[in-house]
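Visitor: here is my input, please return the structure:
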Amino acid sequence: MHAYLSARLSLAVIVEDQDWHLLLYDDLDKLHSTSAEEVAVLFRQTSDVQELPNTTIEHVRDRLEDAVDSIEAFDLVLLLLDDKLTKNTQRLVALELEELLVYPEIVESIENVLFASPLPISSVRQETLAMVSEISCVAVSNFLQRLIQMQPIIKVVCNAWNEMASNRFTSKDKRKWICGLYVRHGLFRRMVYEVKKTGTVAPFDKQVMLEPSISKSIPSFKDIWNEVAIYLHEPNIHPSHKRARYKQFTSKKSVSLLLSLTLLISFLGWLFYFYIPESTFADTDKGQERILVYRDGRVKNLPEGPSQVREKAKSILRTKNIEIASVLSPLKLRGTSERGVLLYPLATAIINPQPEFSWKRIPGAMSYRVELFASGSDLDLNLGGETYSTTWTPNAELKRGTTYLWRVIAVTKSGELVSPPWNAPAGGFFLLDAKSVEKLTEMEQSLGSSRILKVALYSQFGMLADAEKLLEELLEANPKESLLEELYQNLVSKRSALR
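Guide: Below you'll find the model as predicted:
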């Protein structure tokens with residue numbers, strides 16, 4: 001069994017005999033049938049393909065997971081070093097990065113790249129260090145501090161590499177190829193840590209000869225390693241001469257390196273903004289592509305449905321904000337009350353004209369009395385009733401197109417307890433009129449099982465309780481999606497303002 005892996009594409013291709021399969025990062029437990037032609041199309045625009053010869057499914061699964069997490073962490077590091085981002089955005093990046101940097105193999109993969117060339121002096125700002133410390137991102141803080149501390153040694157190792165004569169390599173392409181191997185296998189990183197720990201670089205050993213790509217390049221690969229090591233610690237080179245050569249290097253070649261790295265960071269930032277989704281989540285239980293939300297406002301793979309609902313869903317995903325429908329305005333104008341005993345229906349529009357009212361159990365209650373009034377009606381027209389449980393259903397249908405207010409009174413041995421208290425706004429809800437119910441039902445039938453489209457539809461009609469329940473389901477299916485979490489918190493806060 002052979003495999004080909006691309007972290008950027010978040011997938012691996014597994015080839016066994018004549019069978020071709022895809023293993024996706026988002027679905028590591030399932031193999032998807034494919035063909036050589038499809039693989040050629042997939043890999044046409046990517047340059048990070050890794051070959052895994054004579055491997056197993058378990059090994060491919062582990063390598064894919066590590067590779068995707070590592071590339072995500074690397075992108076987050078570049079974003080964190082970008083001074084064009086706002087402090088709030090950097091804070092979100094740091095929190096996401098903190099979850100990844102707890103894994104040593106991910107830290108090592110990032111250092112393999114960043115230890116190969118010195119960073120611009122101003123890359124890691126003090127404001128960034130203060131921010132990650134303020135939000136207790138310990139792993140991120142330690143990583144950045146170590147990156148700063150290692151810069152002088154990284155410069156010296158990079159200097160040694162660049163001082164090697166061009167004729168030491170058979171061609172420029174050969175030099176680039178070997179440099180790429182050094183980066184990929186962490187040999188620049190290894191040199192940096194050896195210099196810091198022992199003040200020297202040990203001769204080349206066979207521990208790094210396990211990969212076929214390295215073994216094929218021996219002896220040139222080994223000789224180059226040893227030449228760099230000798231240059232770093234050649235006793236015959238006078239310290240002043242080393243400083244002169246280092247100064248010459250930093251004045252000419254370092255500028256080019258720093259400029260290249262700066263351009264690379266800018267390019268990757270641009271790539272991240274336009275081509276890497278801000279959020280990707282599963283909308284339905286199965287069968288649908290994941291919805292992609294980009295930072296420039298694009299939304300891809302949104303399920304089919306009425307254009308009005310789809311545009312509403314796109315707006316919600318772009319702004320992470322759910323507008324309050326006009327039918328709930330009477331509740332909004334009444335002010336707010338604390339979220340207490342009342343559960344449902346509360347701060348929402350509903351369809352059922354005979355809803356089941358529910359509330360939390362009140363300690364010491366022997367029975368409960370529900371007081372229910374149409375907003376603006378005579379308070380003597382109580383539509384409520386009594387019950388011994390924490391639920392109650394009206395005997396008759398309520399009037400549609402009406403805002404209702406309600407309280408629960410608990411009867412105890414020591415007297416009555418009213419929730420909410422008489423000096424606070426009562427709980428409220430709106431019963432949709434027949435025309436709205438008919439329109440909503442018709443539109444809902446065309447949405448299939450799409451949760452995000454139903455969230456948009458329900459919010460449009462003021463059914464915030466139903467929308468909140470769907471967002472909870474989406475979060476349960478996509479627990480790491482910060483966009484859905486922001487949207488959920490936005491809706492919860494909006495409902496709280498209506499209680």
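
Visitor: how close does L78 get to I71?
Guide: 11 Å (CB to CB, to the nearest Å). For every residue, glycine as well, the C-beta is placed using N, CA and C.

Visitor: what about these two, which has more around it?
Guide: The residue with more neighbours, out of L78 and I71, is L78; 22 against 18, by other CB atoms under 10 Å.

Visitor: which element is that one on?
Guide: helix 57-80 (DSSP states H and E).

Visitor: how about that helix as PDB, C-alpha atoms only?
Guide: Below are the C-alpha coordinates for helix 57-80, written out as PDB (Å, rounded to 0.1, in the frame of the first residue of the first chain):
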ATOM      1  CA  ILE A  57      -4.100   3.000   6.900                       C
ATOM      2  CA  GLU A  58      -3.400   3.800  10.600                       C
ATOM      3  CA  HIS A  59      -0.100   5.400   9.700                       C
ATOM      4  CA  VAL A  60      -1.600   7.500   6.900                       C
ATOM      5  CA  ARG A  61      -4.400   8.600   9.200                       C
ATOM      6  CA  ASP A  62      -2.000   9.700  11.800                       C
ATOM      7  CA  ARG A  63       0.300  11.500   9.300                       C
ATOM      8  CA  LEU A  64      -2.700  13.300   7.700                       C
ATOM      9  CA  GLU A  65      -4.000  14.500  11.000                       C
ATOM     10  CA  ASP A  66      -0.600  15.700  12.100                       C
ATOM     11  CA  ALA A  67       0.200  17.400   8.700                       C
ATOM     12  CA  VAL A  68      -3.100  19.300   8.600                       C
ATOM     13  CA  ASP A  69      -2.900  20.400  12.200                       C
ATOM     14  CA  SER A  70       0.700  21.500  11.600                       C
ATOM     15  CA  ILE A  71      -0.100  23.500   8.500                       C
ATOM     16  CA  GLU A  72      -3.000  25.200  10.200                       C
ATOM     17  CA  ALA A  73      -0.700  26.000  13.200                       C
ATOM     18  CA  PHE A  74       1.900  27.400  10.800                       C
ATOM     19  CA  ASP A  75      -0.700  29.700   9.100                       C
ATOM     20  CA  LEU A  76      -1.900  30.900  12.500                       C
ATOM     21  CA  VAL A  77       1.700  31.800  13.500                       C
ATOM     22  CA  LEU A  78       2.100  33.800  10.300                       C
ATOM     23  CA  LEU A  79      -1.200  35.600  11.000                       C
ATOM     24  CA  LEU A  80      -0.100  36.300  14.600                       C
END
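
Visitor: CA atoms of the helix or strand following it as CSV?
Guide: The C-terminal neighbour of helix 57-80 among helices and strands, as given by DSSP H and E, is helix 87-100. The C-alpha trace of helix 87-100 is given here as CSV (Å, rounded to 0.1, in the frame of the first residue of the first chain):
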residue,chain,number,x,y,z
LYS,A,87,-5.8,43.2,18.3
ASN,A,88,-9.2,41.4,18.5
THR,A,89,-8.4,39.3,15.5
GLN,A,90,-4.9,38.5,16.9
ARG,A,91,-6.5,37.4,20.1
LEU,A,92,-8.8,34.9,18.3
VAL,A,93,-5.8,33.6,16.3
ALA,A,94,-3.8,33.2,19.6
LEU,A,95,-6.6,31.2,21.2
GLU,A,96,-6.9,28.9,18.3
LEU,A,97,-3.1,28.5,18.1
GLU,A,98,-2.9,27.7,21.8
GLU,A,99,-4.9,24.5,21.3
LEU,A,100,-2.4,23.3,18.6
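
Visitor: relative to helix 57-80, how tilted is helix 87-100?
Guide: 150 degrees (axes from the mean of the first three to the mean of the last three CA atoms, to 10 degrees).

Visitor: name the helices or strands packed onto helix 87-100?
Guide: helix 57-80, helix 126-134, helix 138-162 (3 or more CB pairs under 8 Å, 6 or more residues apart in numbering; DSSP states H and E).

Visitor: show me where the stretch 251-400 of the chain has strands.
Guide: In the stretch 251-400 of the chain, the strands defined using DSSP state E, counting those that start in this stretch lie at 279-281, 291-293, 299-300, 342-344, 349-350, 357-359, 367-374, 386-387, 391-392.

Visitor: mind putting the ones you listed into CSV with distance to G415 and mean neighbour count?
Guide: CSV is the format used below for the strands of the stretch 251-400 of the chain (distance: least, CB to CB, whole Å; neighbours: other CB atoms under 10 Å):
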stretch, distance to G415, mean neighbour count
strand 279-281, 50, 20
strand 291-293, 53, 21
strand 299-300, 55, 16
strand 342-344, 20, 18
strand 349-350, 32, 22
strand 357-359, 18, 21
strand 367-374, 13, 18
strand 386-387, 16, 13
strand 391-392, 21, 17
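
Visitor: and K413, which of these is closest to it?
Guide: When the strands of the stretch 251-400 of the chain are ranked by proximity to K413, the top entry is strand 367-374, at 11.4 Å, counting by CB to CB.

Visitor: wait, L474 touches I452, no?
Guide: Yes - L474 lies in contact with I452 (CB atoms under 8 Å); the separation is 6.9 Å.

Visitor: more neighbours, these two?
Guide: Neighbours were counted for L474 and for I452 using other CB under 10 Å; I452 has more, 27 against 22.

Visitor: the more buried one against I291, yeah?
Guide: Yes - assessed by CB under 8 Å, I452 is found in contact with I291 at 6.6 Å.

Visitor: shared neighbours of the two, which are they?
Guide: Contact criterion CB atoms under 8 Å, 6 or more residues apart in numbering; residues shared by I452 and I291: 283, 302, 317.

Visitor: ok so, going back, wait, which of the strands of the stretch 251-400 of the chain is closest to S10?
Guide: Shortest distance between S10 and the strands of the stretch 251-400 of the chain, using CB to CB, is found for strand 279-281: 9.6 Å.

Visitor: could you list the low-pLDDT ranges of the stretch 201-350 of the chain?
Guide: 201-278, 285-288, 332-339 (pLDDT under 70).

Visitor: repeat the analysis, applying 90 as the threshold.
Guide: 201-308, 318-320, 323-341 (pLDDT under 90).

Visitor: in the stretch 301-450 of the chain, which spans are helices?
Guide: Taking DSSP state H, counting those that start in this stretch, the helices of the stretch 301-450 of the chain run over residues 307-319, 329-333, 434-444.

Visitor: out of the ones you listed, which one sits most buried?
Guide: helix 307-319 (a mean of 18; mean count of other CB atoms under 10 Å).

Visitor: paired strands for the longest strand along the chain, with orientation please.
Guide: Within the chain, and with DSSP state E defining each element, the longest strand by residue count is strand 402-412. According to DSSP bridges, strand 402-412 forms sheet pairs with strand 367-374 (antiparallel), strand 415-419 (antiparallel), strand 427-431 (antiparallel).

Visitor: picking that back up, among the strands of the stretch 251-400 of the chain, which is nearest P152?
Guide: Comparing those by their distance to P152 (CB to CB), the top pick is strand 279-281, with 39.5 Å.

Visitor: now do that closest one: which elements does it pack against?
Guide: strand 291-293, helix 482-496.

Visitor: again, 6 Å this time
Guide: Here strand 279-281 touches strand 291-293, going by 3 or more CB pairs under 6 Å, 6 or more residues apart in numbering; DSSP states H and E.

Visitor: which other residues reach the strand it packs on?
Guide: The contact list for strand 291-293 (CB atoms under 6 Å, 6 or more residues apart in numbering) reads 277-281, 283, 299-301, 317.

Visitor: could the helices of the stretch 301-450 of the chain go into a markdown table alongside distance to S419?
Guide: Shown next, in a markdown table, are the helices of the stretch 301-450 of the chain (distance: least, CB to CB, whole Å):
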| stretch | distance to S419 |
| --- | --- |
| helix 307-319 | 33 |
| helix 329-333 | 17 |
| helix 434-444 | 30 |
